[in-house]
Structures are given as C-alpha cells and as structure tokens.
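Participant: quick one: sequence plus predicted model below, questions after.
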Amino acid sequence: MSQVETRQRNVLVTGGNRGIGYAIAAAFVDQGDKVVVTSRSGQGPDGAYAVAADVTRSDSVDAAFTEAEQWCGGPIEVVVANAGITADTLLMRMSDDDFDRVLDTNLAGTFRVARRASKSMIQRRFGRLIFISSVVALYGSPGQANYAASKAGLIGLARSITRELGGRGITANVVAPGFIDTDMTAALPQAQQDAYLAAIPAGRFGGTKDVARAVTFLAGEDAAYISGAVLPVDGGLGMGH
C-alpha cells in the first residue's frame, strides 16, 4: 500500500456546487480528503474550498488550479471533471452555437482541466482523472446530439490519456450515470419521468450518492489497475451499449 494513496489526498471537482458534483465533493470530504470545488458561483459543500472557474477558458482553469494548490498545500492528485451544460433541441433546429457551447464546456472543458492537472501528476508519477459522462454517450438520445457527442468524446479522451500517461502512475476513467434524481430530472414532466422509469431495469432513478461511490472507488487504491474504463451507474439502462 503506497504512501501516496493512503494519506489525505488533494481533490478537485469541477461543477461541485450542486447535484452530482456536490455529492462527489461531499463524499471526498467525508473520507478525509482536502477538497476543492470549482463553479461559476463559487459555492460548494461544507468542508470543501470553493473557487470560481470557467472551464471554457484556459486562463480561468489555470488560476483555479493555482488557488486550489495553494489552499491544499500541494498539487492536485485527484481530478473529477463534472462541469457540464445542456442545450437540448432537435438536430434540424440545433444552431452552431447550441452545438459549440455544449462541446466547449463538456468536452473541451474537460480537456483543459486534464491538461492542467497532468503537469504535476506526471512529475509525481501519480494521478487519478475521472470524467463524468452519461448513459447517452453510447445509448443516444433524441434532441441531445450535442450533449451525447460531448459525453461520448470523454471516453476517447480518457483512453488516449491512459495510452499516453498510464506508465506514469496516472489513471483516467469515465463514470456514465443514467437518470439520477436531481433538480434537473425533478423538473421533467411526470409523463416523461414515468417513461424513463419504465426503461430502467432497476425500477428507480439513481441517487447522487450512487455516482459519488463509483467515483471515490475509481479514485482509490482498489482501482489502481483500472484505467480507460467506462463505469455505468444507470440501473442497467444502457447495458450492452
């Protein structure tokens, strides 16, 4: 059991001010890690340090990491790229801006975060990169061509990083949540919620803690030999895809 992996770790979660990101950050806080969350609002769970950041800007990402490293007293060892947006509409109605904004935040934003994190991870020969994707990355979803493409791209990104940096003690994995009980799903019309529920073999929506547990597992020592993997947390919705 290595010294790096058993002591308190420095963790950064993007988009950690609500929903899945909030639950992930809280889970790391609960297990005793130093946790920084980034968000545009600059808020996060109790025990975490919050910094305002815009993942569509490299200078903002760099400034957030610098502030996070100062607060943690060292480099960031675990990064969870969770920040994301949607701009749902049918393909024929989707504007270039609708497509570009979603890709720039969800995919390119994750790239910017991973690139900045990799600098110290390579030097220390240790790092955990975890990207939050979605069941629609491989399952598909009407009206979400931009979102599905951005989330599918995270798989190629994680696997390329694994090929490139796997020999330096760095893992890169993807967690693909299904329908999770958040404010976003609660706002859907009841008929739509019922239709989604009927398609889930588990017979229920997932909880944010279900996703958080998968993330903390991939960040931990028990997952040290897992890299380039896609871990679905979807109650069986996307199996076989």
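Facilitator: Yep, it's here.
Participant: max-length strand in this structure?
Facilitator: Ranked by residue count and defined by DSSP state E, the top strand of the chain is strand 170-177.
Participant: and that one, what does it pack onto?
Facilitator: Helices and strands touching strand 170-177, by 3 or more Cβ pairs under 8 Å, 6 or more residues apart in numbering; DSSP states H and E, are helix 109-124, strand 127-132, helix 145-165, helix 208-219, strand 230-233. Where C-beta positions appear, they are placed from N, C-alpha and C, glycine not excepted.
Participant: for D100, which of the ones you listed is the nearest?
Facilitator: Nearest of those to D100, taken as Cβ to Cβ: helix 145-165 at 8.4 Å.
Participant: tell me the contacts of the residue lying closest to S41 once chain neighbours are set aside?
Facilitator: Nearest residue to S41, sequence neighbours excluded (Cβ to Cβ, 6 or more residues apart in numbering): N17, at 5.4 Å. Contacts of N17 were listed using Cβ atoms under 8 Å, 6 or more residues apart in numbering, and they are V37, S39, S41, G42, Q43, G44, A50.
Participant: kindly report the same for T162.
Facilitator: Per Cβ under 8 Å, 6+ apart, neighbours of T162: T171, A172, S227, G228.
Participant: got it, and D100?
Facilitator: So D100 contacts nothing (Cβ under 8 Å, 6+ apart).
Participant: again, but for the one 5 residues further on
Facilitator: Contacts for T105 were tallied using Cβ under 8 Å, 6+ apart; they are V55, T56, A83, G84, I85, S150.
Participant: on that earlier part again, next step: the contacts of N17 restricted to strands.
Facilitator: V37, S39, A50.
Participant: where is pLDDT lowest across these?
Facilitator: Lowest in pLDDT among the ones in strands among the contacts of N17 is S39, which has 83.
Participant: hang on, isn't it packed against D54?
Facilitator: No: checked against Cβ atoms under 8 Å, the pair S39 and D54 is beyond contact range at 9.7 Å.
Participant: between the two, who's got more neighbours?
Facilitator: S39 (25 against 18; other Cβ atoms under 10 Å).
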